[in-house]
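S.K.: this is a predicted model, with the sequence first.
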Amino acid sequence: MTAPIAARLFACAWFAASLGAAAAALPADAALDQRVQALQGESLQLERELRGLEDELLYPSGTGIAVFVSADLGPAIELDDVSLSLDGQVVASHGYTALERRSLRRGAIQRLYGGSIGTGKHALAVTLVGHGPGGVGFKRDARFEFAKEGAPRGVELHLKDGGSAPEIEVKVWP
């Protein structure tokens with residue numbers, strides 16, 4: 001009789017020790033999980049800071065330029081494509097969908113280009129392609145010069161109804 005009792009006591013002691021070990025392991029696992037989550041949070045924060053520093057390095061605030069397109073066109077003029085060159089280099093091109101044309105017609109302003117340029121005089125060349133009244137195609141080229149100083153600069157290309165093709169009016173924002 002003592003052997004079965006001893007076996008039962010041994011089993012109970014082993015079970016209790018296992019429970020104690022499992023209970024002791026739980027706080028360690030929870031602490032490890034918390035530490036991993038904290039490291040993930042720190043990693044995400046460092047990534048955000050790194051992206052911000054990268055943007056500041058690539059696009060310093062004093063060299064920033066943004067070019068926007070707005071339109072005041074009649075229903076007969078459909079803009080298909082716009083291409084933008086800055087100092088002789090093509091920097092942006094966009095083909096318009098029917099939804100984007102409708103949005104421009106309703107007063108939307110599209111950001112066509114955002115980048116960084118040095119101070120001084122710069123040349124901006126724009127090419128518009130589309131079709132006017134009766135489906136007659138048009139291609140309109142225009143070239144403008146502007147001075148870039150230390151502050152960020154915005155340039156709006158405002159397309160106005162010119163009968164068979166749009167006219168381009170440039171507005172330079174300080």
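M.R.: That came through, no problem.
S.K.: ok, how many other residues are close to Leu79?
M.R.: The local packing of Leu79 (other C-beta atoms under 10 Å) involves 24 other residues. Using the backbone N, CA and C atoms, a C-beta is placed for each residue, glycine as well.
S.K.: where does the nearest residue to it once chain neighbours are set aside sit: helix, strand or coil?
M.R.: Spatially, and ignoring its direct neighbours in sequence, Leu79 is nearest to Gly130 (4.5 Å; C-beta to C-beta, 6 or more residues apart in numbering). The three-state assignment at Gly130 reads strand, by DSSP: H, G, I helix; E, B strand; the rest coil.
S.K.: any idea how far Arg35 is from Gly130?
M.R.: 60 Å (C-beta to C-beta, to the nearest Å).
S.K.: and the two? Which one has more around it.
M.R.: More neighbours surround Gly130 than the other of Gly130 and Arg35, with 21 against 10 (other C-beta under 10 Å).
S.K.: okay, buried residues for stretch 91-111 please.
M.R.: Val91, Ala92, Tyr96, Arg101, Leu104, Arg105, Gln110 (16 or more other C-beta atoms under 10 Å).
S.K.: so who does the residue positioned nearest the centre of the chain touch?
M.R.: Nearest residue to the geometric centre of the chain (C-alpha atoms, centre = their mean): Gly114, 10.3 Å. Applying C-beta atoms under 8 Å, 6 or more residues apart in numbering to Gly114 gives the contacts Tyr59, Gly64, Ile65, Ala66, Val67.
S.K.: rerun at 7 Å
M.R.: Ala66 (C-beta atoms under 7 Å, 6 or more residues apart in numbering).
S.K.: cool, and Lys139?
M.R.: Here Lys139 is in contact with Thr127, Val129 (C-beta under 7 Å, 6+ apart).
S.K.: thinking again about what came up before, just grab the bridge partners of the residue nearest to Leu79 for me.
M.R.: Leu79, Phe138 (DSSP bridges).
S.K.: also Leu84?
M.R.: Bridge pairing for Leu84 - DSSP bridges - gives Ala92, Val126.
S.K.: burial of it, as a residue count?
M.R.: 20.
S.K.: can you tell me how far it sits from Gly150?
M.R.: Distance from Leu84 to Gly150, counting by C-beta to C-beta: 23 Å.
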